[in-house]
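Peer 1: pasting a predicted model and its sequence here:
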Amino acid sequence: MNAAAKDRYFNDQVMTAPPQKLHLMLLESAFRHGQTAQRHWDEGKDLDASDSLIRSQELIAELLTALKSEVAPELVSQVASIYLFIYRTLVSAHLQHEPEKLKEALSILKLECETWRELCRHLEDNPLETEKTSSPSSVPAPKSLAPRGEYDSPPARFNVEA
């Protein structure tokens, strides 16, 4: 498949995807960029790693800004706390050149991707639920997500060891 055909295919996928699939696509892209950064660090390509880490951070920031707290405030707050933790961990890994921090962020991103893949499968299998269910990703960020330092660690219910 040539580059133009790939671009058309990707554009069609994005333009026709439901909100939960778009959310998953952003998560997967953030995860891929994080993995690429890890690979670049292993190869000693710090500038390339930096570019990939910045892109991963931007994607997580995009997910945060898409949250709508008025739909499901408690759920959105939990999702926001996870994404803020991932974002801060990515920033810390980047600024301090800490591969362990990057691995921590990637392990959480991997769990998020798996969760959203399962949600997408469930909604594909049950199309009537799609109309009733509102995705936190299709939802604007709260005016103030949290004071600085409130999300320095993942929520207690979130097992990062898995």
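Peer 2: Good, I have the coordinates.

Peer 1: now do the SS call for the residue lying closest to Leu119 once chain neighbours are set aside.
Peer 2: Computed as CB to CB, 6 or more residues apart in numbering, the closest residue to Leu119 that is not its neighbour in sequence is Gln20, at 5.8 Å. For the C-beta atoms, the positions are set from N, CA and C on the backbone; glycine is no exception. Classification of Gln20 by DSSP: H, G, I helix; E, B strand; the rest coil places it in helix.

Peer 1: thought Gln20 was touching Leu123?
Peer 2: Yes. Using CB atoms under 8 Å, Gln20 is in contact with Leu123, at 6.1 Å.

Peer 1: who's more crowded, those two?
Peer 2: Under the neighbour definition other CB atoms under 10 Å, Gln20 and Leu123 were set side by side, and Gln20 has more, 22 against 19.

Peer 1: please tell me how far the residue sitting nearest the centre point of the chain sits from Gln78.
Peer 2: Centroid-nearest residue in the chain, with CA atoms, centre = their mean: Leu27, separated by 3.4 Å. Note on Leu27: its distance to Gln78, by CB to CB, to the nearest Å, is 15 Å.

Peer 1: do Ala105 as well
Peer 2: In this view, Ala105 and Gln78 are 17 Å apart by CB to CB.

Peer 1: which one's more surrounded, those two?
Peer 2: Between Ala105 and Gln78, Ala105 has the larger neighbour count (other CB under 10 Å), namely 29 against 15.
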